[in-house]
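In: Mind looking at a prediction? Sequence and model below.
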Amino acid sequence: MSGVIYTILTVIFCALQTTVFEHLKLFGTRPNLLIALVVCVALAHGALAGGAVGLLCGVVSDIMGCGVFGINSLLMMYLGAGIGFFSSSFYRIRSIVVFIFAFAASFTYKIIYYFLVFYIWGKGAMLFAVVNEVLPGSLYTAIASVFIIKIIQFVNGRFSARAEV
Amino acid sequence: MKELFTNKYFILLLVVTLILLTAAALYTSNREEMTFGEDLVGSVITPFQALFSSAVGATEWFFGYFSNVDNLRVDNAALTQQVNSLNDALRQVEHYKIENERLKALLMLKEDMTEYGIVAAEVIARDPGSWYSSFTINKGRSDGLQARQAVITSNGLVGHIHEIGAGWAKVISIIDTQSSVGAMVARTGDIAVIESDIELIRNGLCKMTHIGKNANIMTGDMVETSGLGGIYPKGILIGRIKEMSPETSGISQYAIIEPAADFEHISTVAVLTAYPNE
C-alpha cells in the first residue's frame, strides 16, 4: 500500500516541481522535490525502498524532461540505495539529519549530472554552475526535504496505526 | 568480494543498471516518438501539471488584480491615448495592406504567415531539472502535431517539438543547450548558428557562433531563421544582437543574442504545422 502512496507522491511532487515551484524560485533556482522524496524514503525505510523510489522518481524525471534518458534513473536509484544503508543508524529521524542528507544527496547528484552532461562537452563553466545552480538548488532541496519527511512520517504513522488495529 | 556478488540486492542493482543503460542506448538516439510506457507516464502526470498550472495562473490573476488597481488606472489612461493613435496608424496600415496585396498579386509572390498551419497550445509545465530550458505543452499527436515542428509566439521563435505523446509534447527552446538553430542576420544576410550554454540559459540569452571575422554585424541587428537545418522555416524572428565578441581562436566572432520571445513568462505558444512552399 505504501508503494501506491509513494507513486502518487512522486506524480504530485513532479507536477509541483515543474509548475508551482517555477513561480517560487529561491536564489534563481527550484528545489528538486523528487530527490528530497528519495532521501526521505531511503532514511525512513532503508536501501531497498530508497532504491525503488529512486528508480521511480528517476524514470519520471527522465520521461518528463528533455535530457539524456537514463541518467536521472541511475543517479536517483544509487542515491536512494546508498542513503538507505544509513537508515538503521538513526533511531529517530530528526529534521537536521534529513536536511544534511538531502543537501549532500542533491549536491552529489547535481555535480555528477553537471559533469556528465555539460562539463565534458564544454557547455558551462564549473564555478558558475556550482555557485548559481548546485549550491542554491541543493540548499532549497534540503529545506523542502524537512517538510517532505513530515509527510512521510504522517503516512507511516497512519499505516502502522491501521496495521495495529 | 564473493559475498558482494551473491548479495541479491547487489545483483538487482546490477540488473536494473544494465536495463537502464540498454534503454538509454536504444532511446536516446531517436526519441521523437515516445514509447507506450513514456506516453502512459506523461498522460498520468500532465493532467496534474495542467491543474497546478491553472491554479498558479488563477492565484497570480487574483492577487495581481488587487495589487495593481492604481497601476491599472494609470495604464488605462495611457492605453486610451495609445488606442487613439493606433487607430490612426491602423487606417494607414489598411491602406498599405491593400496596396501591398495588389503588388504581390502582380509579382505572383506568396504570402508568409497566412500560409502556415498553426495550432495554439498552452504551456503546462517546465522541465523537471533546472539545467534546461524546455517545457511541456498540452497538445500532441491527436491534435495533428509532429516532432521537429517549429514553435513560436507573437514575439518570435521559441523552439521546436522534441518529443511527442498522444495529448502532450515536449518543446526544446532555442536557449537550451541541446538546441541548434540555423540563423541569418536580416540586414547583412550573414549565416550563423544559434547555440547556448548553462550560463546563457540562466540569463535568458543565447549565442550566435561561426560568424565570419569580416562580417559587418552591429549591435541591435535583427536575427532570423535561415531556413537551413530542416526544422525551422526561413524568416522567423529570433532576436536582436546584444553584443559582439571575437572568438578566442581569432578567426571568427560570436554574438550574444537577446531572444524576442520572453522565455520566463511564456504561457501560450503556436506550433507551425505546415510551411509555405518557398
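Out: Nice, I can see it.

In: how about the nearest residue to A:I112, chain neighbours excluded?
Out: Sequence neighbours aside, A:L75 is the residue nearest to A:I112 in space, at 6.2 Å (criterion: C-beta to C-beta, 6 or more residues apart in numbering or on different chains). Placement of C-beta: from N, CA and C, glycine included.

In: Same question for A:F128.
Out: B:E199 (5.1 Å).

In: Check the secondary structure at the spatially most central residue of chain A for me.
Out: Per C-alpha atoms, centre = their mean, the C-alpha nearest to the average position across chain A is that of A:I35, at 0.9 Å. Per DSSP: H, G, I helix; E, B strand; the rest coil, the secondary structure class of A:I35 is helix.

In: What confidence value was assigned to it?
Out: A:I35 is assigned a predicted lDDT (pLDDT) of 96.

In: check contacts around it.
Out: A:C57, A:M76, A:L79, A:A102, A:A105, A:S106, A:Y109, A:T141 (C-beta atoms under 8 Å, 6 or more residues apart in numbering or on different chains).

In: Mind checking which of these land in strands?
Out: Among those, no residue falls in strands (DSSP state E).

In: Any idea how many residues pack against the closest residue to B:F48 other than its chain neighbours?
Out: The shortest distance from B:F48 to any non-neighbouring residue, by C-beta to C-beta, 6+ apart, is to A:A15 (3.7 Å). Residues lying near A:A15 (other C-beta atoms under 10 Å in any protein chain shown) number 25.

In: Tell me the secondary structure at A:A15.
Out: Assigned with three-state DSSP, A:A15 falls in the helix class.

In: same question, B:V93
Out: Look at B:V93: counting by three-state DSSP, its state is helix.

In: Retrieve the pLDDT associated with the residue of the stretch 1-150 of chain B found nearest chain A.
Out: Residue nearest to chain A within the stretch 1-150 of chain B (C-beta to the nearest C-beta): B:A24, separated by 3.2 Å. We have a pLDDT of 78 for B:A24.

In: ok, now B:R102?
Out: 60.

In: Could you do the one 5 residues further on as well?
Out: At B:L107, the model reports a pLDDT of 54.

In: Walk me through the domains of chain B.
Out: B:31-67+B:116-278, B:74-107 (automatic domain parsing).

In: what is the rounded mean pLDDT of the first one?
Out: Meaning domain B:31-67+B:116-278. In this model, domain B:31-67+B:116-278 has an average pLDDT of 87.

In: Now do whatever helix or strand B:T59 lives in: which elements does it pack against?
Out: Of the helices and strands defined by DSSP states H and E, B:T59 is found in helix B:36-67. Using 3 or more C-beta pairs under 8 Å, 6 or more residues apart in numbering or on different chains; DSSP states H and E as the contact test, the elements touching helix B:36-67 are helix A:2-18, helix A:47-64, strand B:117-126, strand B:134-137.

In: Please list the residues outside stretch B:258-267 that contact it.
Out: Applying C-beta under 8 Å, 6+ apart, the contact partners of stretch B:258-267 are B:57, B:122-123, B:133, B:135, B:152-153, B:155-158, B:173-175, B:204-206, B:237-242.

In: quick one: terminal-to-terminal distance for it?
Out: Its start and end residues considered, stretch B:258-267 measures 19 Å (C-alpha to C-alpha, to the nearest Å).

In: Now that stretch: buried residues?
Out: For stretch B:258-267, the neighbour count (16 or more other C-beta atoms under 10 Å in any protein chain shown) marks B:E258, B:P259, B:A260, B:A261, B:F263, B:I266 as buried.

In: Out of these, which is nearest to B:R141?
Out: Using C-beta to C-beta, B:I266 comes nearest to B:R141 of the buried residues of stretch B:258-267, at 22.1 Å.

In: Now list the buried members of the contacts of stretch B:258-267.
Out: Burial by neighbour count, 16+ other C-beta under 10 Å: within the contacts of stretch B:258-267 this picks out B:123, B:133, B:135, B:152-153, B:156-158, B:173-175, B:205-206, B:237-241.

In: Those: which ones sit near chain A?
Out: Among the buried ones among the contacts of stretch B:258-267, not one lies near chain A by C-beta under 8 Å from any C-beta of the partner chain.

In: Strands - which of those land there?
Out: Secondary structure from DSSP E places B:V123, B:F135, B:I152, B:L157, B:V158, B:S173, B:C206, B:L237, B:I238, B:G239, B:R240, B:I241 of those in strands.

In: Mind putting these into CSV with distance to B:I231?
Out: Below are these laid out as CSV (distance: C-beta to C-beta, whole Å):
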residue, distance to B:I231
B:V123, 19
B:F135, 17
B:I152, 12
B:L157, 10
B:V158, 12
B:S173, 13
B:C206, 15
B:L237, 16
B:I238, 13
B:G239, 17
B:R240, 22
B:I241, 22
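
In: For chain A, state which of these is nearest.
Out: B:F135 (8.4 Å).

In: Please name the bridge partners of the closest one.
Out: Here B:F135 sits in beta bridges with B:R126, B:V171, going by DSSP bridges.

In: So which residues on the stretch 151-278 of chain B come close to chain A?
Out: So far as C-beta under 8 Å from any C-beta goes, the stretch 151-278 of chain B lies against chain A at B:H162, B:E163, B:K170, B:I172, B:D176, B:T177, B:Q178, B:D197, B:I198, B:E199, B:R202.

In: Just flag the most distant two among those.
Out: B:E163 and B:E199 (25.8 Å).

In: Which one of these two is surrounded by more residues?
Out: Neighbour comparison, B:E163 and B:E199: the larger count goes to B:E163, with 24 against 15 (by other C-beta under 10 Å).

In: A helix includes the more buried one, no?
Out: No. Secondary structure of B:E163 (three-state DSSP): strand, not part of a helix.

In: Excluding chain neighbours, what is closest to it?
Out: That would be B:K170: by C-beta to C-beta, 6+ apart, it lies 4.6 Å from B:E163.

In: For chain A, which element, helix or strand, carries the lowest mean pLDDT?
Out: Among the helices and strands of chain A, helix A:135-164 carries the lowest confidence by mean pLDDT, DSSP states H and E, at a mean of 86.
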